[in-house]
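Student: dropping the sequence and predicted coords here.
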Amino acid sequence: MSSVIIAKLAAIFAVVAVGFGCGRTPMFSGAQSLRLLTDLAFFVLTPALLFRLTASLDLAALPWAVIGVYFAPTVVLLLAVYAAQRVWLRAAEPAAPSVRAITATFGNTVQLGIPIVLALFGDAGLGVHVPITSLHALILLSVLTVLVEADLSRRGEGGQGVAGTVLLTARRTVVHPVVLPVLVGLVVNLVGLPVPGPLDEVLGLLGQAVVPLCLLLIGMSLAHHGVRGVAGPVVWLSVAKLVVHPALVLGVGYAVGLRGLALTVVVLCAALPTGSNAQLFAQRYRSREVETTAALMASTLAFAVTGPAWLLVVDAIA
């Protein structure tokens, strides 16, 4: 199983290395190039992916018990990290607590999770993993968007009072490149409106570009910012993602009676390293970009050891 994980990690690091090389060239070395590509991913490609995913979900067929086992402790951890950082980083930029919360909880469920689960457990494993993946960005990014936009409204707009802050937060949360396509997709799904074939094809092509562009952006960000001076946050954020997160999911799953393949896959999903959406989120709000990129790389490297270790732990107790 370690060889499968290492092979997928090697491919990911190869694409990141290409991005790093691009970031060292005159064409892409400026901050403007990094910002433009980030905006392209956040405002065009990600909304296309989220709308298409939400509009096509078979909501009735989702395994809600397994989904609850994964997302309940995940959201609790997200909120706990956010609350602690709200106190610890009270003088920092408003988006910093939310950025650290996504770094500690948002896993690489697509480009790393799907091929590993498929290689280890086949279609039966994908039957557990894919429903989690399909709701992963929808749930976590929506919660984080509410938190960060509330902080931005509270810290960035003075004089509007409580009602004004609530209205501003609501507007920023709904009219947002993550939340708005999700809401529109859900309406289309619930009403039963079909997405026209040509439009679905366009959305599919745009959505496929999210993963490689995000990996390239990681490399470009490393070339532009470097990783100096962030060792402390990188260590504890990686521990939160690779150790605390899967431990919480394992505890909840075991407590409610989840066993066998379902428990193994849901714990492995939680044990995945930080996903590239965390770095995209940090760049979008221009907060903690260096430490988020470093934590993503560090947790991905460490997963070669912690991933197989968690599989052994679940196998021993389940």
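Tutor: Now that the structure is in, tell me what you want to look at.

Student: CA only for contacts and neighbour counts going forward, please
Tutor: Will do.

Student: after whichever helix or strand residue 205 is part of, next one along is what?
Tutor: Assessed by DSSP states H and E, residue 205 sits inside helix 197-208. Going down the chain from helix 197-208, the next helix or strand is helix 210-225, by DSSP H and E.

Student: what helices or strands is that next one leaning on?
Tutor: If contacts are counted by 3 or more C-alpha pairs under 8 Å, 6 or more residues apart in numbering; DSSP states H and E, helix 210-225 sits against helix 2-23, helix 31-40, helix 276-284, helix 289-317.

Student: show me what the third one is in contact with.
Tutor: The contact list for helix 276-284, computed with C-alpha atoms under 8 Å, 6 or more residues apart in numbering, reads 35, 38-39, 41-42, 99, 102-103, 106, 108, 211, 214-215, 218, 288-289, 292-293, 296.

Student: now the helix holding residue 205: mean pLDDT?
Tutor: When pLDDT is averaged over helix 197-208, the result is 92.

Student: between the helices and strands packed on helix 210-225, which one is nearest to residue 237?
Tutor: Closest approach to residue 237 among the helices and strands packed on helix 210-225 is made by helix 289-317 (6.6 Å; C-alpha to C-alpha).

Student: and the closest one, which residues are buried?
Tutor: For helix 289-317, burial by neighbour count (16 or more other C-alpha atoms under 10 Å) applies to 289-301, 303-304, 306-307, 310-311, 314.

Student: burial of residue 14, as a residue count?
Tutor: Other residues lying near residue 14 total 15 when counted by other C-alpha atoms under 10 Å.

Student: do residue 256 as well
Tutor: Using other C-alpha under 10 Å: residue 256 sits among 10 other residues.

Student: may I have the phi/psi pair for it?
Tutor: Dihedral pair for residue 256: phi -90, psi 0, per degrees, to the nearest 10.

Student: and residue 270, which of the helices and strands packed on helix 210-225 is closest to it?
Tutor: The nearest among these, by C-alpha to C-alpha, is helix 289-317 at 9.8 Å.

Student: for that closest one, packing partners?
Tutor: Against helix 289-317 (3+ C-alpha pairs under 8 Å, 6+ apart) you get helix 2-23, helix 96-105, helix 210-225, helix 231-239, helix 260-271, helix 276-284.

Student: do you know the pLDDT at the most centrally placed residue in the chain?
Tutor: Central residue check for the chain by C-alpha atoms, centre = their mean: the C-alpha nearest the mean position is that of residue 106, 3.6 Å away. On the pLDDT scale, residue 106 is placed at 95.

Student: ok, it touching residue 275?
Tutor: Yes: at 5.8 Å, residue 106 counts as touching residue 275 under the criterion of C-alpha atoms under 8 Å.

Student: picking up where we left off before, quick one, which of the helices and strands packed on helix 210-225 gets closest to residue 58.
Tutor: Nearest to residue 58 among the helices and strands packed on helix 210-225 is helix 276-284 (23.9 Å), distances taken as C-alpha to C-alpha.

Student: could you give the angle of that closest one to helix 289-317?
Tutor: For helix 276-284 against helix 289-317, the angle by axes from the mean of the first three to the mean of the last three C-alpha atoms, to 10 degrees is 160 degrees.

Student: buried residues in stretch 125-145?
Tutor: Buried-residue list, stretch 125-145, by 16+ other C-alpha under 10 Å: 125-138, 140-145.

Student: then stretch 179-195?
Tutor: By 16+ other C-alpha under 10 Å, the buried positions in stretch 179-195 come out as 179, 180, 181, 182, 183, 185, 186, 188, 189.

Student: out of the helices and strands packed on helix 289-317, which one sits most buried?
Tutor: For the helices and strands packed on helix 289-317, the largest average neighbour count (mean count of other C-alpha atoms under 10 Å) is found in helix 96-105, namely a mean of 28.

Student: which residues sit against that one?
Tutor: If you take C-alpha under 8 Å, 6+ apart as the criterion, helix 96-105 is touched by 74, 77-79, 81-83, 85-86, 89, 140, 144, 147-148, 237-238, 240-241, 245, 274-275, 278-279, 281-282, 287-288, 292, 295-296.

Student: what about 6 Å?
Tutor: Helix 96-105 has contacts (C-alpha atoms under 6 Å, 6 or more residues apart in numbering) with 78, 81-82, 85-86, 148, 237, 240-241, 274, 278, 282, 287.

Student: fine by me, thanks again.
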